[in-house]
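> coordinates only, no sequence provided:
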């Protein structure tokens, strides 16, 4: 019996490497794929599926793929890359430092000056001193993860 190459494990590893790198070089550009990396997770599923197919093929025909050490090696590396991706994007990136000096809920915001739509500087305290009754000021602070 002729020995054969079990390329699905190597292809699964290559797809896993592409899934890992494509997030940082391609998919991070668009909010749809940056906020939640669904495209990369689908690529990882495809890569791990190919690797699993190769492992199943190797166990069904052990004499044909006998002596191939690189199959489990690439399969384990593909799983490790997937684990590193999950760690970096779902746990490590969400570990933000605490804001010790941030105002509490209900506490007055610190005074600051920013330009309005026409470029004229507006101070927060000047909005309070307009003398109009029932005037509200809404401040939105967005703390992003990038």
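Nice, I can see it. Bear in mind that the values here come from a model prediction, so they are computed numbers and not experimental data.
> report the separation between the residue nearest the centre of the chain and residue 78.
Central residue of the chain (CA atoms, centre = their mean): residue 89, 3.7 Å from the mean position. For residue 89, the distance to residue 78 equals 17 Å [CB to CB, to the nearest Å]. Quick note: C-beta positions are derived from backbone N, CA and C, even for glycine.
> what's the answer for residue 61, then?
Going from residue 61 to residue 78 by CB to CB gives 21 Å.
> now do the strands in this protein.
All strands of the chain, identified by DSSP state E, fall at 113-115, 121-123.
> most tightly packed of those?
Here the criterion is mean neighbour count by mean count of other CB atoms under 10 Å, and of the strands of the chain the winner is strand 121-123, at a mean of 12.
> ok, back up a step: separation between the residue nearest to the centre of the chain and residue 43?
With CB to CB as the criterion, residue 89 and residue 43 are 13 Å apart.
> fine, thanks again, bye for now.
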